[in-house]
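Novice: Here you go, sequence then predicted model.
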Amino acid sequence: MSDQNAIYQTDALIAEDIDAYLDQHRHKTMLRFITCGSVDDGKSTLIGRLLYDSKMIFEDQLAALENDSKKVGTQGQEIDFALLVDGLAAEREQGITIDVAYRFFATEKRKFIVADTPGHEQYTRNMVTGASTADLAVILVDARKGVLTQTRRHAYLAKLIGIRHIVLAVNKMDLVGYDRAVFDAIVADFGSFAASIELADATAIPISGFKGDNVTTASTAMPWYRGPSLIEHLEAVEIDADAAIAAPFRLPVQWVNRPSLDFRGFAGQISTGTVRPGDRVRILPSGRITSVSRIVTMAGDLDEAVAGQSVTITLADEVDCSRGDVIAAADAPPSASDQFSATIVWMDEAPLLPGRAYLLKLATQTVSATLRAPDHAIDVNTLQRLSARTLGLNDIGVLDLATDRPLVFEPFADNPDLGGFILIDRATNATVAAGMLRHALRRADNVHWQATEVTQAARAAIKGQQPRVLWFTGLSGSGKSTIANLVERKLHALGRHTFLLDGDNLRHGLNQDLGFSDADRVENIRRAGAVAKLMADAGLIVITAFISPFRAERAMVRSMLPPDQFLEVFVDTPLDVAEARDVKGLYARARAGAIPNFTGISSPYETPERPELRIDTTTESAEEAANRIVEHIVGVWSYAL
């Protein structure tokens, strides 16, 4: 290794004149690519070899690499190039890639940003993250193992995410004696799979990332291969940057720039198209038409801006435009809808819960989205469509979703910026899925809100009361139904117009088709919340009694109503007290395993974090609690009551 170090030199211009070095690279085209494939296919080693051969490792880095190779390397006395990108302690200990590692390098012809993505199935979500901005995917295959399930999974995901250029790098050819027959068999196997998913542009290259064969220069060990080396192919592959510029103008608004009373601009990165001062544009989703006055940047005003540039645009008219809106070409605007068909890659340990409201982020838009049960899941090995009620970690499926307001979009195949999205769990803020919009559902255009002349306020006024939804939540046996029933009796005696929605009663009718799985519990609360909202719209005081174990669903119901009309009442009863009160013996049966998914035993209950009222049934009788709740409703609203 010391001999290698002695002859290894980086570009001297870096040390002599950094400005000249940067200027040298400024006008080169940029290619973003990922390396992916199955475990131990040599992805990190290949990237390390590319960095080494492109002279992107400095003396101190090379010295550290030699030292680390002796301590934790897997290549004996040779340099372990994988250590250049496997930086996490856990990665070095296990000899695997876990996180996505990004590295920059350059050749005489082009600049590159490469993302080293993990091969383990449990880290597929990390691969999706790395692939989301890539122009090309290098899919590695261990020549000894051939095409594996994870190879197919990554190829399918690359196609799904819209990567148009694929390199099949058959690695570790040195370990199979550089046998052409092995290479040809792997290429044929992958080729049949690529054809089945309509993956057209796939170039196969036999390489050895460790030995350097066909990585930067042609290998003398494989004279039968007459194609380009990997780096030659990466330098020559054509990236269709002009397609984004030729498309209609789209600018998702990221920020309203208001430094003074005299300036109001709309900042963001141009997704597609070209814009010039004077161009007519349409603000979506409102549809308002205006024109561009200026294109402002730190370097001064521009006469023209194109896809990929970050700019601030000022408009000729004072129009309502804010973060999340899209400024688009007036004569070719994108669509807006609130119901879609989408392909989902599920990336969370907890499975998808149909009916649950997740946050959906698309470009600069954030909306609430409710997912329906999948139409089907996709087996990436066979491409069969499988029946599925939910999606688990790394599953891929197609489903319908509905948003709480119109979303400005284009199909992912046409515009990844306005068609790709992520889903976020409201309770944990974890990113649980990545998705691609396929198309708007036709029923979204056919079903509209019907305006009514009699409003909620008018209905409430004739009853002489303020509409409310009192949402009682707590464990089974906590006393929810008892207290809720007392509250309704007292309100009725005071002349208030009420209705009591009890969870058990609804399961005899509206929700009789639902069980007690997590997904069914979510749908149970969604339906109950929708009914409660309709009743509140009728001017009633609605009293509900549901276990409603999940915070996300209680938050979903809260979001359906104006802030002053939802009152969460937490009936706080310890589990042992609730069990002691259980005259039906449900807890005993649940502990014996006779009742699955029983809240508090085999299914969780997420206690409210900030309920409007908390009832401690160990210190307060049902009668006292009901009186306090009624006083809270008909008297002065105060948390101190």
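Specialist: That came in fine, so what should we check first?
Novice: List the buried residues for stretch 388-405?
Specialist: 388, 390-391, 394-403 (16 or more other CB atoms under 10 Å). Backbone N, C-alpha and C define where each C-beta goes, glycine included.
Novice: among these, which are in strands?
Specialist: Mapping the buried residues of stretch 388-405 onto strands (DSSP state E) picks out I396, G397, V398, L399, D400, L401, A402, T403.
Novice: these two touch, right, the second one and A388?
Specialist: Yes. G397 is in contact with A388 according to CB atoms under 8 Å; the separation is 5.9 Å.
Novice: what touches both of the two?
Specialist: Each of P374, H376, A377 lies in contact with both G397 and A388 under the rule CB atoms under 8 Å, 6 or more residues apart in numbering.
Novice: who's in contact with the second one?
Specialist: Same thing as H376. So H376 contacts R385, L386, S387, A388, G397, V398 (CB under 8 Å, 6+ apart).
Novice: And the furthest pair within these?
Specialist: S387 and V398 (12.1 Å; CB to CB).
Novice: My understanding was that A357 contacts R558; is that so?
Specialist: No. Taking contacts as CB under 8 Å, A357 lies outside contact range of R558: 10.6 Å.
Novice: With secondary structure, distance to L136 and pLDDT added, can I get the shared contacts of G397 and A388 in TSV?
Specialist: Shown next, in TSV, are the shared contacts of G397 and A388 (DSSP: H, G, I helix; E, B strand; the rest coil; distance: CB to CB, whole Å; pLDDT from 0 to 100):
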residue	secondary structure	distance to L136	pLDDT
P374	coil	30	94
H376	strand	30	94
A377	strand	28	93
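Novice: wait, which of the residues you listed is closest to M30?
Specialist: Closest approach between the shared contacts of G397 and A388 and M30, by CB to CB: A377, at 36.0 Å.
Novice: related to what we said a few turns ago, as a markdown table, the buried residues of stretch 388-405 with pLDDT and distance to M347 would be great.
Specialist: Listed next are the buried residues of stretch 388-405 as a markdown table, based on pLDDT from 0 to 100; distance: CB to CB, whole Å:
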| residue | pLDDT | distance to M347 |
| --- | --- | --- |
| A388 | 91 | 16 |
| T390 | 92 | 14 |
| L391 | 94 | 10 |
| N394 | 86 | 7 |
| D395 | 90 | 9 |
| I396 | 91 | 11 |
| G397 | 94 | 12 |
| V398 | 95 | 16 |
| L399 | 95 | 15 |
| D400 | 94 | 20 |
| L401 | 94 | 16 |
| A402 | 92 | 21 |
| T403 | 93 | 20 |
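Novice: Rebuild the residues you listed as TSV, extending it with distance to V182.
Specialist: Compiled in TSV, the buried residues of stretch 388-405 are given as follows (distance: CB to CB, whole Å):
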residue	distance to V182
A388	37
T390	41
L391	36
N394	29
D395	33
I396	30
G397	35
V398	37
L399	41
D400	45
L401	45
A402	50
T403	50
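Novice: Any figure for the gap between L383 and D262?
Specialist: 59 Å (CB to CB, to the nearest Å).
Novice: wait, A536
Specialist: 45 Å.
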